[in-house]
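*Asks:* here's my sequence, what's the structure:
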Amino acid sequence: MIRVLVADDQEMVRHNLRRILESAPDVRVVGEAADGIAAVELARLLRPDVVLADIRMPRRDGLAVTRELAGPGVADPMRVVVITTFELDEYVYAALRNGACGFVLKRSGPALLIEGVRAAAAGDMLVSPQLTVRLLNHLTRQQAPDGDVLTERELAVARLVARARTNAEIAAELFVTPGTVKTHLANIQRKTGARNRVAIAAWVWETGNAG
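*Replies:* As a prediction, the model looks like this:
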C-alpha cells in the first residue's frame, strides 16, 4: 500500500485528489495539509511514501516544500510529486532541481496522477507528457557534453534512467542482473553527485549525453 500525503490549499481539490487516489487499490491517503508549513510538519510526522504538493499554497509554496523535504542537504529525502494547473516551465525546472520525483498537471487526468504517485513510490519519475519535450529541449541546451566521468556501461544505464526505464527493464535491455544495475546506479550517483533517479536523468539531459 502506497501511503500519500496530499497538500493543497483548496478543500474541494484535496477531496477530489483523495477520491482519485483512493480509487486505486494500492494507494491510501494518510493525511491532508492546507498550506506549506503544515505539509512539511505532517510529512515529517507521518513519513508517507509520497507527498503530493500543489505548487501554490499559502505560507510556503510547493517548491519550498519540495526543497525542505527532498532537496540538497536533506539527510533522509522524501518522494515529492508536484501538481499544478500552471504550465510554466520555470516551475518544472525548479521543482525537479529541488528534488521532486515528478511534476503532474492537474488537467492530465486521474490515470496519470495515480501513475505519478506509483512511479515516485517505486523510485522512478513521471512528468506530464505536455511538458516533457520542452523540458528535454531546455536541459539539453544548458551544458556541453561531459560523458567522460562515467564508464561506457554506466553511461548506458544513465541514459536508460533518463528514458524512465525501471531497473528490471534496464537489466533486460543490457543483459545484466538487476543487482548489477543497482551497483551501476550507485556509482553514477557517486560520480555525478546525483541524489536520485530524477537527478541522474537531469545530469544526462544537462550534459548532452541523452544519446
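
*Asks:* state the helix or strand in which the closest residue to V157 other than its chain neighbours lies.
*Replies:* Closest residue in space to V157, ignoring its immediate chain neighbours: H184 at 4.4 Å, by CB to CB, 6 or more residues apart in numbering. Backbone N, C-alpha and C define where each C-beta goes, glycine included. Assessed by DSSP states H and E, H184 sits inside helix 178-192.

*Asks:* just A202 next, same as before
*Replies:* helix 197-206.

*Asks:* where does that helix sit relative to the chain's centre, distance-wise?
*Replies:* Offset of helix 197-206 from its chain centre (CA atoms, centre = their mean, to the nearest Å): 11 Å.

*Asks:* which other helices and strands does that helix contact?
*Replies:* helix 89-97, helix 129-139, helix 152-162, helix 178-192 (3 or more CB pairs under 8 Å, 6 or more residues apart in numbering; DSSP states H and E).

*Asks:* now do that helix and helix 178-192, the angle between them.
*Replies:* Helix 197-206 runs at 60 degrees relative to helix 178-192, counting by axes from the mean of the first three to the mean of the last three CA atoms, to 10 degrees.

*Asks:* do me a favour and average the pLDDT over helix 197-206.
*Replies:* What helix 197-206 shows for mean pLDDT is 78.

*Asks:* only the buried residues of the helix holding H184, if you could.
*Replies:* By 16 or more other CB atoms under 10 Å, the buried positions in helix 178-192 come out as T180, V181, H184, L185, N187, I188, Q189, T192.

*Asks:* which residue packs closest to the fifth one, ignoring adjacent ones?
*Replies:* Setting aside the residues directly before and after it, N187 is nearest to E154 in space (CB to CB, 6+ apart), at 5.8 Å.

*Asks:* for the one you found, give me its contacts.
*Replies:* H184, N187, I188, K191 (CB atoms under 8 Å, 6 or more residues apart in numbering).
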